[in-house]
Every structure is written in C-alpha cells, then in structure tokens.
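Visitor: based on what follows, work out the 3D shape:
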Amino acid sequence: MVRISPLPENLSNVPFTVHEARASGVPAKRLRANDLADGGRLIYLPAGREFQLTERARVLTAATPDAWIFP
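Guide: You can find the predicted model right below:
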C-alpha cells in the first residue's frame with residue numbers, strides 16, 4: 001500500500017497552481033496522487049470537492065497572469 005504524504009495546510013482545501021505547490025515544497029510526484037484532480041494547465045484541485053467561482057478564478061489568474069475573467 002502506498003502512503004500519500006499530506007499536502008501543506010495552505011494547499012489542502014483550495015485549488016492551487018504547480019508554482020504554488022513547488023513554492024510550498026510539494027514534489028512533482030505528489031501532484032500525481034489520486035487525491036488531486038487536474039484543474040487544467042498548471043492547476044490542481046483537491047479531489048471530491050466543489051469550489052466557488054472566486055476560488056477557481058483566483059487560481060486561474062495565478063496560472064495565467066495575463067488572463068482576464070469576466071462575470
């Protein structure tokens with residue numbers, strides 16, 4: 001049985017970018033675990049949870065700084 005190391009608390013309940021994960025010391029291998037879902041290019045989502053539009057918008061703009069999001 002493979003044990004999955006816990007994510008840092010600042011990433012455990014919010015969508016996050018690969019850059020935020022690296023800055024928090026999360027190894028690339030950890031991002032392939034089944035408790036994370038692919039949220040798009042450079043974005044990861046803790047699996048099994050719905051996120052508010054504002055949470056998704058924050059991580060999208062963090063992953064693509066030149067992006068514009070309109071309501």
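
Visitor: which stretches of this protein form helices?
Guide: Using DSSP state H, the helices of the chain run over 18-23, 53-63.

Visitor: columns mean pLDDT on top of those, output as TSV?
Guide: Formatted as TSV, the helices of the chain follow (pLDDT from 0 to 100):
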stretch	mean pLDDT
helix 18-23	96
helix 53-63	89
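
Visitor: adding mean neighbour count and distance to residue 30, write the ones you listed out as CSV.
Guide: (Glycine included, C-beta is placed from N, CA and C.) Listed next are the helices of the chain as CSV, based on neighbours: other CB atoms under 10 Å; distance: least, CB to CB, whole Å:
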stretch, mean neighbour count, distance to residue 30
helix 18-23, 15, 8
helix 53-63, 16, 17
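
Visitor: can I get these in TSV including distance to residue 38?
Guide: Output for the helices of the chain, formatted as TSV (distance: least, CB to CB, whole Å):
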stretch	distance to residue 38
helix 18-23	11
helix 53-63	12
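
Visitor: which helices and strands sit right next to the helix or strand of the chain with the lowest mean pLDDT?
Guide: Least confident element among the helices and strands of the chain, by mean pLDDT, DSSP states H and E: helix 53-63 (a mean of 89). On a contact count with 3 or more CB pairs under 8 Å, 6 or more residues apart in numbering; DSSP states H and E, helix 53-63 meets strand 16-17, helix 18-23, strand 36-40, strand 43-46.

Visitor: what's the angle between it and strand 36-40?
Guide: 70 degrees (axes from the mean of the first three to the mean of the last three CA atoms, to 10 degrees).

Visitor: tell me how far helix 53-63 is from the chain's mean position?
Guide: Distance, stretch centre to chain centre, for helix 53-63: 10 Å (CA atoms, centre = their mean, to the nearest Å).

Visitor: list of residues touching it?
Guide: 14-17, 19-20, 39-43, 67, 69 (CB atoms under 8 Å, 6 or more residues apart in numbering).

Visitor: right, and residue 39 touches residue 45 too?
Guide: Yes. The criterion here is CB atoms under 8 Å, and residue 39 meets it with residue 45 at 4.3 Å.

Visitor: between those two, which contacts overlap?
Guide: With CB under 8 Å, 6+ apart as the test, residue 39 and residue 45 both reach residue 15.
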